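J.: Pasted the sequence and its predicted model underneath.
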Amino acid sequence: MDDDWGWVPEFIYIEGDEHVLLEALEKGKLQVISDGSLKQQVGTAAVQLRTRRGGHVIWIKCRTPGKPENQSAYLSGLIGLLAGILVASWLRLRLQSLAKPRVRVACDGIAALRQAFLTWPLSPTAPHFNLLSSIREALQSFSEPCAIYIDNKKVSCLALELVDKAVVLPELMEYWAAKGRLAPETFPLVDWPIVHQAMKPLKPAKQRFITKHTVGMCGVSKFRKQWSLDSENQCPLCGLEEDHLHVPCCPSDRAKTQWQLLLQELQEWFQSTTTATPIAQFLGALLCTIRTPNNLPQTETPWYRLHGMSSSALTQVCEAQLRLGPQCLLEGLLAHGWADHQQQFYRSRGSRRSGNRWAANLSRQLILIRKGMWKRRNDVFHSDDNIVNQQRATALHPSITPCGSPPTPTGGQGGMGPRHLRRPPQNQTISCRQATIDVGTDPPYSSPSSPLTYLSTYLPK
Ligand SMILES: [Zn+2]
């Protein structure tokens, strides 16, 4: 049999008189008998449209379309049913009357019969959605509503991963290349199955966080200014311009302390998972270049060999990770080969741990580092340590002092945020409320309901 991935029916011939078959159809005595088979990953189906006595027969033969690995007896059964129903429909077009005769259908696959003739809604992601929808459609209009071909191979159902790969991925790669994130030539270096394994169990909220902070369109000051949420693009820790790349590189002492803490946690994770020492050393050193880019290893001096990695295969993995760069590492993108080397290491120690699972967990650990830096940045952003807020407070009227503190001749300084101005001391609040109630008797303020009146009591006389 040749390699022609045809559609059904492929081969038809009539044994006997076609008019007798038409007459049997009109009288509701036509039978459709289908038999699908699978042998050596080749699916075929043979169908008979026959009178009850079998003297007149339309023979249909067809090969099941699709890839060899997708073949099954169930699929062959469906193909046979579709072929039989299509030919019966064509016969019906030859009838003079517009009646809808009954046809008895038999098939050796009960699952195929159920799926084809029951009326519950079909999910586009269900196996062989195309066939099932075609069969149901053939019972009405005799045509397939739509079909998907990838690389000239018919896809048997709406496999989202295949559609993503064929439709979304080319544009995504182009976008990444334009943004300087991942060049097309480095794309194959990434161990995408491991990335998929790492991302799949994460909750949607965490997946969204990763997407936003990978693209860079997140709540950093660069976008807060563009969205008119802030007047300036300033990092709350150091005051420099802030985008998503700045967060792990922020030169402030607080970011440095947090970074060291997170790296220490990563080292503890390496120890808890019995990570091979050269792998832990290399990845840790490469990660450090996020904050110290001048220490980026030169390609002509393969410094990672200093850590005892003599295997040429391991060297290739290190070089691939170097080409991806530290930022990709922080995004959890591991190069091909880490999982295999860690698996070998486990095996050499008699451990039955999985290298793939180790790599997927490592990818998540790396993302946690970035999330930890972002959390630290947000803690400062929403606190009185926010440099931007401190600068705003300094720019306020110098006579305004922090609430609860005695007024000073030079005005309020030192970490006063604007929100403090709306939080009076407890005893003063009581006075205001009393004044509101007893207005006209002995009010301490002329208009106690106004916050400006309240603040005026702190102004120097
Ligand atoms: Zn900063």
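T.: Now that the structure is in, tell me what you want to look at.

J.: Can you say which helix or strand has residue 370 in it?
T.: If you go by DSSP states H and E, residue 370 is part of helix 355-381.

J.: Could you do residue 81 as well?
T.: helix 73-93.

J.: Centre of the chain to the helix or strand following that helix, how far?
T.: Downstream of helix 73-93, the next assigned helix or strand under DSSP H and E is strand 104-107. Strand 104-107 sits 44 Å away from the centroid of its parent chain (C-alpha atoms, centre = their mean, to the nearest Å).

J.: again, but for stretch 357-371
T.: In terms of C-alpha atoms, centre = their mean, the centre of stretch 357-371 is found 15 Å from the chain centre.

J.: And the contacts of that stretch?
T.: For stretch 357-371, contacts defined as C-beta atoms under 8 Å, 6 or more residues apart in numbering pick out 191, 194-195, 197-199, 202, 209-210, 213, 247-248, 262-263, 266, 269, 273, 275, 283, 287, 329-334, 338-339, 342-343, 346. Placement of C-beta: from N, CA and C, glycine included.

J.: now do 6 Å
T.: The contact list for stretch 357-371 (C-beta atoms under 6 Å, 6 or more residues apart in numbering) reads 194, 197, 198, 262, 269, 273, 330, 332, 334, 338, 339, 342.

J.: Now do the contacts for the fifth one.
T.: Taking C-beta under 6 Å, 6+ apart as the contact definition, residue 269 lies against residue 365.

J.: Now it: which helix or strand?
T.: Using DSSP H and E, residue 269 falls within helix 253-272.

J.: now the angle from that helix to helix 355-381?
T.: Using axes from the mean of the first three to the mean of the last three C-alpha atoms, to 10 degrees, one finds that helix 253-272 and helix 355-381 are set 160 degrees apart in direction.

J.: now the helix or strand following helix 253-272: mean pLDDT?
T.: Next helix or strand after helix 253-272 toward the C-terminus (DSSP H and E): helix 277-288. Throughout helix 277-288, pLDDT has a mean value of 88.

J.: buried ones in helix 277-288?
T.: For helix 277-288, burial by neighbour count (16 or more other C-beta atoms under 10 Å) applies to 278, 279, 280, 281, 282, 283, 285, 286, 287, 288.

J.: So which residues on the stretch 151-300 of the chain come close to the ion?
T.: 235, 237, 238, 250 (C-beta under 5 Å from the ion).

J.: Pull the number of nearby residues for the residue of the stretch 251-400 of the chain found nearest the ion.
T.: Closest contact between the stretch 251-400 of the chain and the ion, by C-beta to the ion, is at residue 252 (5.3 Å). By other C-beta atoms under 10 Å, 19 other residues sit near residue 252.

J.: correct me, but it touches residue 236?
T.: No: the criterion here is C-beta atoms under 6 Å, and residue 252 misses it with residue 236 at 9.2 Å.

J.: related to what we said a few turns ago, quick one, the helix holding residue 370 and helix 277-288 angle?
T.: Relative orientation of helix 355-381 and helix 277-288, computed by the same axes, to 10 degrees: 30 degrees.

J.: So for helix 355-381, what gets flagged as buried?
T.: By neighbour count on 16+ other C-beta under 10 Å, the buried set for helix 355-381 is 355-374, 376-377, 380-381.

J.: Relative to the whole chain's centre, how far out is the helix or strand following it?
T.: Later in the chain than helix 355-381, the nearest helix or strand by DSSP H and E is helix 387-395. Between the centre of helix 387-395 and the centre of its chain there are 39 Å (C-alpha atoms, centre = their mean).

J.: now helix 387-395 and helix 355-381, what's the angle there?
T.: Put simply, helix 387-395 runs at 0 degrees to helix 355-381, going by the same axes, to 10 degrees.

J.: in helix 387-395, what counts as buried?
T.: Buried residues in helix 387-395 (16+ other C-beta under 10 Å): 387, 388, 389, 390, 393.

J.: Just checking it against the ion, any contact.
T.: No: for helix 387-395, no contact with the ion is found by C-beta under 5 Å from the ion; the gap never falls below 8.6 Å.

J.: Please, where are all the helices along the stretch 301-450 of the chain?
T.: Along the stretch 301-450 of the chain, counting by DSSP state H, counting those that start in this stretch, helices occupy 312-324, 326-330, 338-348, 355-381, 387-395, 426-437.

J.: before we move on, back to that, a markdown table for the buried residues of helix 277-288, including distance to residue 90?
T.: Shown next, in a markdown table, are these (distance: C-beta to C-beta, whole Å):
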| residue | distance to residue 90 |
| --- | --- |
| 278 | 69 |
| 279 | 65 |
| 280 | 68 |
| 281 | 71 |
| 282 | 67 |
| 283 | 65 |
| 285 | 71 |
| 286 | 66 |
| 287 | 67 |
| 288 | 72 |
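
J.: closest to residue 257 among the residues you listed?
T.: Taking C-beta to C-beta as the measure, residue 257 lies nearest residue 288 of those, at 14.9 Å.

J.: Quick check: that closest one vs residue 266, distance?
T.: As judged by C-beta to C-beta, to the nearest Å, residue 288 and residue 266 stand 11 Å apart.
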